[in-house]
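> Need coordinates for the below:
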Amino acid sequence: MTFTAIDFETATAFHPCSVGIVTVENGIIVDEYVTLIKPPRNEYSPFTIAVHGIHPRDTMNAKTFAQVYPEIKKRLQNRIVVAHNESFDRNVLAKSMALYGLNYEELNISSRWECTVKIYKAKGLKPTKLSDCCRAMQIALNHHEALSDARACAKLYLLR
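Below you'll find the model as predicted:
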């Protein structure tokens, strides 16, 4: 069980304001990374602020996605990538990379990631929001905090 779990929190649409990444080697969490990310023009939707509680003042002096990308790349490249609702996080990554002229193909990761929503839905769990899955599997969660979400996703994947 060697993989990397990732979670993005977004400011607007696909523009991330935080990323959490958890690296698992042989079933053991060996690395955790979290950072705030300054979205373009540091713009936020009131809806996203209400979801995760991250405000423009929190990211005013944060690094941009392009500046954070080397840390993301070294944790994702050539890895199995796992996310809860993988299409969302995969699209945030791909669209952010495209915005900054970064080549997604150089990551050498699957075009579809492992998805804990799909895994737990197939197991018959309903509903399959991250908080519901974590409650059912007795995993601690500070929901919509990127590192907590990524860690919970990693633990869900390990328990599949």
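
> quick one, which residue of the chain lies the farthest from its center?
For the chain, the largest distance from the centre (Cα atoms, centre = their mean) belongs to Gly124, which lies 23.8 Å off.

> got the residue ranges for the helices in the chain?
Remark: helices assigned in the chain by DSSP state H are 46-52, 56-59, 65-76, 86-99, 116-122, 130-137, 146-158.

> just the ones you listed: most buried one?
Comparing these by mean neighbour count (mean count of other Cβ atoms under 10 Å), helix 146-158 ranks first with a mean of 24. Bear in mind the C-beta positions are built from the backbone N, C-alpha and C, glycine included.

> What average pLDDT does that helix get?
Averaged over helix 146-158, pLDDT sits at 98.

> quick one, that helix and helix 86-99 angle?
Comparing the axes of helix 146-158 and helix 86-99 via axes from the mean of the first three to the mean of the last three Cα atoms, to 10 degrees yields an angle of 130 degrees.

> Just the CA coordinates for helix 146-158, please, in PDB.
Provided in PDB are the C-alpha atoms of helix 146-158 (Å, rounded to 0.1, in the frame of the first residue of the first chain):
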ATOM      1  CA  ALA A 146      -6.800  20.300   3.700                       C
ATOM      2  CA  LEU A 147      -4.300  18.200   5.700                       C
ATOM      3  CA  SER A 148      -7.000  16.600   7.800                       C
ATOM      4  CA  ASP A 149      -9.000  15.800   4.700                       C
ATOM      5  CA  ALA A 150      -6.000  14.300   2.900                       C
ATOM      6  CA  ARG A 151      -5.000  12.200   6.000                       C
ATOM      7  CA  ALA A 152      -8.600  11.000   6.400                       C
ATOM      8  CA  CYS A 153      -8.700  10.000   2.700                       C
ATOM      9  CA  ALA A 154      -5.400   8.100   3.100                       C
ATOM     10  CA  LYS A 155      -6.800   6.200   6.100                       C
ATOM     11  CA  LEU A 156     -10.000   5.400   4.300                       C
ATOM     12  CA  TYR A 157      -8.000   4.100   1.400                       C
ATOM     13  CA  LEU A 158      -5.900   1.900   3.700                       C
END
